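1. Fold the following.
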Amino acid sequence: MADLFIVIVSYNVERLLRDCLRSVFASTGVSFEVVVVDNQSTDGSAAMVRDEFPEARLIESPYNGGFAYANNLALREYLARPAADRPRYVLLLNPDTVVPTDALAEMTTYLDARPRVGAAGPKLLLADGSLDYACRRSFPSPAVAFYRMVGLSKLFPRSRRFGRYNLTYLSPDIETEVDSVVGAFMLVRGSAIEEVGLLDETFFMYGEDLDWAFRLKERGWSIRYNPAVTVLHYKGQSSRQRRARTTLEFYRAMDLFYRKHYARRYPPAVNHLVFAAIQGFRLLTVVSLRVAPLAPLPQSFAPRRFRPTG
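-> All right, here's what the predicted structure looks like:
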């Protein structure tokens, strides 16, 4: 039985997907299955997987139902197996990542040593070498979301109060408990998935990983950020192809997450203010997108020389 059940959801990023799969299949020290879910790509991604990576299982989604929907196509197959036949862990992995050869083994060993950790993620670095702040997050409570939306988190990143969302007050090299890691590399214990269930398909993109983490925490599972492992993340290459749609989905996800997990905790007056603020920032962002041109995609996604720093 394999150690890992790796799910990669892909949409029109053939070159990045190829690089990601090459890095995954070069991994050592751990056994794994790879499932690629193609979300109705039109760039030949599915054919590339069939031709170049026959060891990967390919699921071609009947329609583009979003990130949670596509992952659940694979996760349902995982949960349908007898428990004894399932890999111990599930890894949600974005196609715009490149994993060092020992990263999967090290993350698996990390969870093996911590039986109450339900999910964990590594340090994610962007192509320019900077930290992908989404790899360690707090839940967007009304206060945390307010600090972020009005810019206080950027003005005072070292503040424990204002920098709570991305833990910017904490060194990126410190291993720590977090509310959530990011779905770009989210290693989840199989028994935890059996307990909390699938991703919520109400979220099209954005928010589904936070929602999953919230449900894990409600069940008493711990979630950890492990900077000893470093993974490269060419962030947002699928979403930038439909920037207006993804912007709307970002704010829709904020609204959904608040309604699902926070609205019942606050009086109606507070809820109305939160919903109005979300819609206001959504409108401002949409207007700004109509004014600012979208930068072109890079000509090549070939991975740069990558030296893990963890």
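2. and the residue lying closest to Ala253 once chain neighbours are set aside, how many residues sit next to it?
-> Distances taken as Cβ to Cβ, 6 or more residues apart in numbering place Gly207 nearest to Ala253, at 3.2 Å, with adjacent residues excluded. Quick note: C-beta positions are derived from backbone N, CA and C, even for glycine. When neighbours are defined as other Cβ atoms under 10 Å, Gly207 has 26 of them.
3. so who does Gly207 touch?
-> Residues counted as contacts of Gly207 (Cβ atoms under 8 Å, 6 or more residues apart in numbering) are Ala253, Met254, Leu256, Phe257.
4. Is Ala213 in contact with Ser222, as I believe?
-> No. Ala213 lies out of contact with Ser222 (Cβ atoms under 8 Å); the separation is 10.6 Å.
5. Just want to know which of those two has more residues nearby.
-> Neighbours per residue (other Cβ under 10 Å) separate Ala213 from Ser222, with Ala213 holding more: 26 against 15.
6. where do the strands sit along the stretch 201-310 of the chain?
-> 222-233 (DSSP state E, counting those that start in this stretch).
7. Can you name the two of the contacts of Gly207 that sit furthest apart?
-> Met254 and Leu256 (7.4 Å; Cβ to Cβ).
8. So between those two, which is more surrounded?
-> Each of Met254 and Leu256 has its neighbours counted (other Cβ under 10 Å); Met254 has more, 23 against 19.
9. Give me the pLDDT for the nearest residue to that one once chain neighbours are set aside.
-> Take Met254 and drop its neighbours on the chain: the residue closest to it by Cβ to Cβ, 6+ apart is Ile278, 5.2 Å away. Among the per-residue scores, Ile278 shows a pLDDT of 86.
10. Tell me who's in contact with Ile278.
-> Counting by Cβ under 8 Å, 6+ apart, Ile278 has contacts Tyr251, Met254, Asp255, Tyr258.
11. Out of those residues, grab the one that's most surrounded.
-> Neighbour max across those (other Cβ under 10 Å) = Met254, 23 neighbours.
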